[in-house]
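K.L.:
Here you go, sequence then predicted model.
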Amino acid sequence: MAASSGSSAPRPHQPQTLVVQVRDALRAQITEGQFRPGDRLPSEARLTEGFGVSRTVVREAIAALRSDGLVEPRQGAGVFVLPPSAPDDLAFQNVDPARVSSLIEMLELRTAVEGDAAGFAALRRSPAQEEAIVEAFDLFRRQALAGQPTSDSDFAFHMAIAEAANNPRFAEFLRLTGTALIPRSAVSDGTDPKITPEYSRRLIEEHEAIVTEIQNGDEDAARTAMRTHLRGSQARYRQYLRNARR
């Protein structure tokens, strides 16, 4: 049965509730096309058997998918997959990467959100997720030391931490903000002389501190390290803004 096959099946070793495991597995099967718009999901009894959980867990998982607008229960017919909704054009519509003040606004928002993501990652990460964080940091460090553009690797680093928080909303937030997430790309391509070796080393140290505290499993220290990094970025871009106005 599709509900119990492939990589979308829940993994009991991860620190997630059964409802979250079933919800995320079904969401993955929908987004990956195993269930297409208009398809009916397997019956409650088959899902219960396939996932090895109670009917209550299945019902709550379906309710969560319904809340997300992915499925629609129909009386007497079953639960059906809905067509994807149109993207919300209003989300972050006023973010202008060409305006440093707009980038600072995003950094303030990220400080609030990503600080908690780092804290949760310190508590909830799996070994594979920890490895992904370390690999993303290593790539970022190599590129920074070589004077190469780091926006993509920086995004991958923060995304790996969001994924390790094991709450899908953190990763959704990062994807939603998109290009506004890494403001450095708006003022430099990574080869700009403003990005000095000293500046790169400072960024590496800040990122490494986040990795270290996540690996230590220290929730408060990981949260503090992430907030310190993002608040440092705010200060640097405020200085950039002041210099640009002179």
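P.N.:
Alright, I've got the coordinates. All figures in this text were calculated on a predicted structure; none of them were measured in a lab. Residues are numbered from 1 along each chain as shown.
K.L.:
Please count neighbours and contacts with C-alpha atoms only from this point.
P.N.:
Fine.
K.L.:
quick one: low-confidence ranges for this structure?
P.N.:
Across the chain, the ranges flagged by pLDDT under 70 are 1-16, 85-102, 178-195, 240-246.
K.L.:
How is it divided into domains?
P.N.:
Using automatic domain parsing, the domain parsing of the chain gives 2-81, 100-244.
K.L.:
looking at those domains, which is buried most?
P.N.:
domain 100-244 (a mean of 19; mean count of other CA atoms under 10 Å).
K.L.:
OK, contacts around the residue nearest to residue 171 when sequence neighbours are not counted?
P.N.:
Leaving aside its chain neighbours, residue 171 sits nearest to residue 162 (5.1 Å; criterion: CA to CA, 6 or more residues apart in numbering). Applying CA atoms under 8 Å, 6 or more residues apart in numbering, we find residue 162 in contact with 114, 117, 118, 121, 168, 170, 171, 174.
K.L.:
Can you name every helix or strand that the helix or strand residue 213 falls within contacts?
P.N.:
Of the helices and strands defined by DSSP states H and E, residue 213 is found in helix 197-216. For helix 197-216, the packing partners by 3 or more CA pairs under 8 Å, 6 or more residues apart in numbering; DSSP states H and E come out as helix 100-124, helix 127-145, helix 219-244.
K.L.:
can I get those helices in CSV with distance to residue 83?
P.N.:
Shown next, in CSV, are the helices and strands packed on helix 197-216 (distance: least, CA to CA, whole Å):
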stretch, distance to residue 83
helix 100-124, 30
helix 127-145, 31
helix 219-244, 37
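K.L.:
For residue 155, which of those is the nearest?
P.N.:
For the helices and strands packed on helix 197-216, the distance to residue 155 is smallest for helix 127-145, at 8.9 Å, taking CA to CA.
K.L.:
What's the separation between residue 160 and residue 104?
P.N.:
In this structure, residue 160 and residue 104 are 22 Å apart, going by CA to CA, to the nearest Å.
K.L.:
and the closest residue to residue 70 other than its chain neighbours, how far is that from residue 42?
P.N.:
Excluding the flanking residues, the one nearest residue 70 by CA to CA, 6+ apart is residue 82, at 5.4 Å. The gap separating residue 82 from residue 42 is 15 Å, by CA to CA.
K.L.:
Show me what the host helix or strand of residue 60 is in contact with.
P.N.:
Assigned by DSSP H and E, residue 60 belongs to helix 55-67. Helix 55-67 is contacted from outside by 18-20, 22-23, 27, 44-45, 47-48, 71-73, using CA under 8 Å, 6+ apart.
K.L.:
so what's residue 43 up against?
P.N.:
78, 79.
K.L.:
List phi and psi for it.
P.N.:
Backbone torsions of residue 43, given as degrees, to the nearest 10, read phi -60, psi 160.
K.L.:
related to what we said a few turns ago, among the helices and strands packed on helix 197-216, which comes closest to residue 210?
P.N.:
Nearest of the helices and strands packed on helix 197-216 (CA to CA): helix 219-244, 5.2 Å.
K.L.:
Next, the angle from that closest one to helix 197-216.
P.N.:
160 degrees (axes from the mean of the first three to the mean of the last three CA atoms, to 10 degrees).
K.L.:
The residue nearest the centre of the chain sits in which helix or strand?
P.N.:
In the chain, the residue lying closest to the centroid (CA atoms, centre = their mean) is residue 171, at 1.8 Å. Assigned by DSSP H and E, residue 171 falls within helix 168-177.
K.L.:
same check, this time on residue 19
P.N.:
Short version, using DSSP H and E: residue 19 is in helix 18-31.
K.L.:
distance between the next helix or strand after that helix and the chain's centre?
P.N.:
Next helix or strand after helix 18-31 toward the C-terminus (DSSP H and E): helix 44-51. How far helix 44-51 lies from its chain's middle: 29 Å, per CA atoms, centre = their mean, to the nearest Å.
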